[in-house]
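Visitor: model the following, please.
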Amino acid sequence: LEAPALISDLGPTLLALAGLPVPDFYSGFDWSEVLESGARPPADRVTYYQAHKGAVQRRDAPQRVRQQGLLELARLQHGRKEIVRATNEHRWLFHLRSDAEELASRAPLLSDPTDDLLRWWHRVNDGLKLSDELPPPNLDDADVAALRDLGYLD
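Guide: Coordinates of the predicted model:
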């Protein structure tokens, strides 16, 4: 694993491959040089991840549904993947170059996350708090039927 690609990389990469300028506000990496000329991927790139259980907020749903749906957060850099579980703060650290299947954590289960991962956790929580303050969406009959078909509603 040299460097992970993220969905936010699609915009800059596709624009560059099409010969169009990439706006400065894009946060993703432009992979066009890696794809076209075999340039080295960004070896020092840090990427962050979050995992959630699905949350469809009903009018009678408890508060903080999005915050309570946060399962895990992770940080990946230099082939090292650090994961922390939001519910019980268990932590894992994997060296993906030697343990790609993530079988042997190199960190004690109840050790403290790194400062970088803690900052990411706070940033995610801040966003979830804001989204929990939003009013529930107005759903028409077609939306309700689609949610029911997907198993989100009884």
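Visitor: got any ranges where this structure has weak pLDDT?
Guide: 1-2, 54-64 (pLDDT under 70).
Visitor: which parts of stretch 132-147 are buried?
Guide: Within stretch 132-147, the residues scored as buried using 16 or more other Cβ atoms under 10 Å are Asp132. No exception for glycine: its C-beta is placed from N, CA and C like everyone else's.
Visitor: return that stretch as CSV; C-alpha atoms alone will do.
Guide: Taking C-alpha atoms only, stretch 132-147 is exported to CSV below (Å, rounded to 0.1, in the frame of the first residue of the first chain):
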residue,chain,number,x,y,z
ASP,A,132,-28.1,16.6,14.6
GLU,A,133,-29.4,20.1,15.0
LEU,A,134,-30.9,20.2,11.5
PRO,A,135,-34.6,19.7,11.2
PRO,A,136,-35.7,16.3,9.8
PRO,A,137,-36.3,16.4,6.1
ASN,A,138,-39.8,16.6,4.7
LEU,A,139,-40.4,13.3,3.0
ASP,A,140,-43.1,12.8,0.4
ASP,A,141,-44.9,9.5,-0.1
ALA,A,142,-42.3,8.3,-2.7
ASP,A,143,-39.4,9.0,-0.3
VAL,A,144,-41.2,7.1,2.5
ALA,A,145,-41.8,4.1,0.1
ALA,A,146,-38.2,4.1,-1.0
LEU,A,147,-36.9,4.1,2.6
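Visitor: distance from the chain centre to it, please.
Guide: Put simply, stretch 132-147 sits 24 Å off its chain's centre (Cα atoms, centre = their mean, to the nearest Å).
Visitor: can you tell me the SS state at the most centrally placed residue in the chain?
Guide: Within the chain, one residue has its C-alpha closest to the average C-alpha position: by Cα atoms, centre = their mean, that is Tyr49, at 3.0 Å. Assigned by DSSP: H, G, I helix; E, B strand; the rest coil, the conformation of Tyr49 is strand.
Visitor: so which residues of this structure form helices?
Guide: All helices of the chain, identified by DSSP state H, fall at 10-17, 32-37, 65-68, 115-132, 141-149.
Visitor: helices or strands up against the second one?
Guide: The elements that helix 32-37 packs onto, with contact taken as 3 or more Cβ pairs under 8 Å, 6 or more residues apart in numbering; DSSP states H and E, are helix 10-17.
Visitor: and if you look at the first one?
Guide: Helices and strands touching helix 10-17, as assessed by 3+ Cβ pairs under 8 Å, 6+ apart, comprise helix 32-37.
Visitor: I'm done for today, thanks for sticking with me.
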